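A.B. asks: Structure, please.
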Amino acid sequence: MKQSETTSSPKEEARTLRKKVTRMKESRDLVKSKNREKAKVIKAQQDRERELVENRDQWKAKCKEQEKKNEEQSKILKKLASQLEITEEELQQVIDECSELKKNSLRKPGKSA
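C.D. replies: Numbering: from 1, shown residues only. Just a heads-up that it's a prediction; the model follows:
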């Protein structure tokens, strides 16, 4: 009896070991597969983060450029506004002169007649 137990025991052990090895391989393959998927997700997130950083930097550059343009436009508008004020003053003087000339021209014929 002892011989049959010992002969079946190595077979049982071999079978048990094969099962364990098979389960370990499947578990390892599953872990590898999950790690590959996680790596893909991480890579995609890193790419997205890089894209967001690039977009942010582009927006900052555009914003600075736009601020410079706005400052230039503001300076131009201030110059034009000051010129317009001068022109309005000159225009008002011309209008005043014209109205005085009209008054003078209307008074002269009245006096001479």
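
A.B. asks: For the protein, which residues score under the pLDDT cut-off?
C.D. replies: 1-8, 108-113 (pLDDT under 70).

A.B. asks: where do the strands sit along it?
C.D. replies: In the chain, no strands are found when defined by DSSP state E.

A.B. asks: need the helices for the chain, in chain order.
C.D. replies: If DSSP state H is used as the criterion, the helices of the chain fall at 2-112.

A.B. asks: count of residues packed around E90?
C.D. replies: 10 (other Cβ atoms under 10 Å). Yep, even glycine has a C-beta here, placed from its N, CA and C like the rest.

A.B. asks: And R50, how close does it get to K60?
C.D. replies: Applying Cβ to Cβ, to the nearest Å, the value for R50 to K60 is 16 Å.

A.B. asks: swap in D96?
C.D. replies: As judged by Cβ to Cβ, D96 and K60 stand 53 Å apart.

A.B. asks: and what of Q83?
C.D. replies: To K60, Q83 is 35 Å away according to Cβ to Cβ.

A.B. asks: swap in S74?
C.D. replies: Distance, S74 to K60, by Cβ to Cβ: 21 Å.

A.B. asks: again, but for R107
C.D. replies: 69 Å.

A.B. asks: can you check S27 too?
C.D. replies: From S27 to K60 the distance is 49 Å (Cβ to Cβ).

A.B. asks: again with Q45
C.D. replies: Taking Cβ to Cβ, one finds Q45 at 22 Å from K60.

A.B. asks: Ok, K34 next?
C.D. replies: 39 Å.
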